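**Q** just need the structure, nothing else, for what follows:
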Amino acid sequence: MAPIPTPPPQPDDAPESYVGLDSESAGRIARRRGWTTVRALPPGSIITMEFVAGRLNFEVEAGRVIRCWLG
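**A** Sure thing, here's the model as predicted:
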């Protein structure tokens, strides 16, 4: 049986620290802090539920981050 792969470690970061920032600034900060993928989504977007290590998701309304979560 093949070994279960170990995902790379996530950046040591607090997702709630992005709430209230404008989406462009939040994206730049997130990449600087080590996130490999940053995704901005409008409220109510239909998205898949797979977890992607190194990805940070922003829910953006009127250019501001209103919610942030990992994966």
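**Q** for the residue nearest the centre of the chain, give the beta-bridge partners.
**A** Nearest to the geometric centre of the chain sits residue 56, at 1.0 Å (CA atoms, centre = their mean). Under DSSP bridges, the beta-bridge partners of residue 56 are residue 38, residue 70.
**Q** that one reaches residue 65, doesn't it?
**A** No. Residue 56 is not in contact with residue 65 according to CB atoms under 8 Å; the separation is 10.1 Å. (C-beta placed from N, C-alpha, C; glycine too.)
**Q** which neighbours do these two share?
**A** residue 18 (CB atoms under 8 Å, 6 or more residues apart in numbering).
**Q** circling back to that earlier point, contacts only, for the residue nearest to the centre of the chain.
**A** Counted by CB under 8 Å, 6+ apart, residue 56 has contacts 13, 15, 18, 30, 35, 37, 38, 39, 68, 69, 70.
**Q** among the residues you listed, which ones are buried?
**A** 13, 18, 30, 35, 38, 39, 68 (16 or more other CB atoms under 10 Å).
**Q** what's the neighbour count on residue 22?
**A** By other CB atoms under 10 Å, the residues close to residue 22 number 12.
**Q** try residue 60
**A** 23.
**Q** again with residue 59
**A** Here the number of neighbours of residue 59 (other CB under 10 Å) works out to 19.
**Q** try residue 33
**A** Using other CB under 10 Å, residue 33 is surrounded by 14 other residues.
**Q** quick one: the helices in the chain?
**A** 23-32 (DSSP state H).
**Q** can you check the pLDDT for residue 8?
**A** Residue 8 carries a pLDDT score of 79 in this model.
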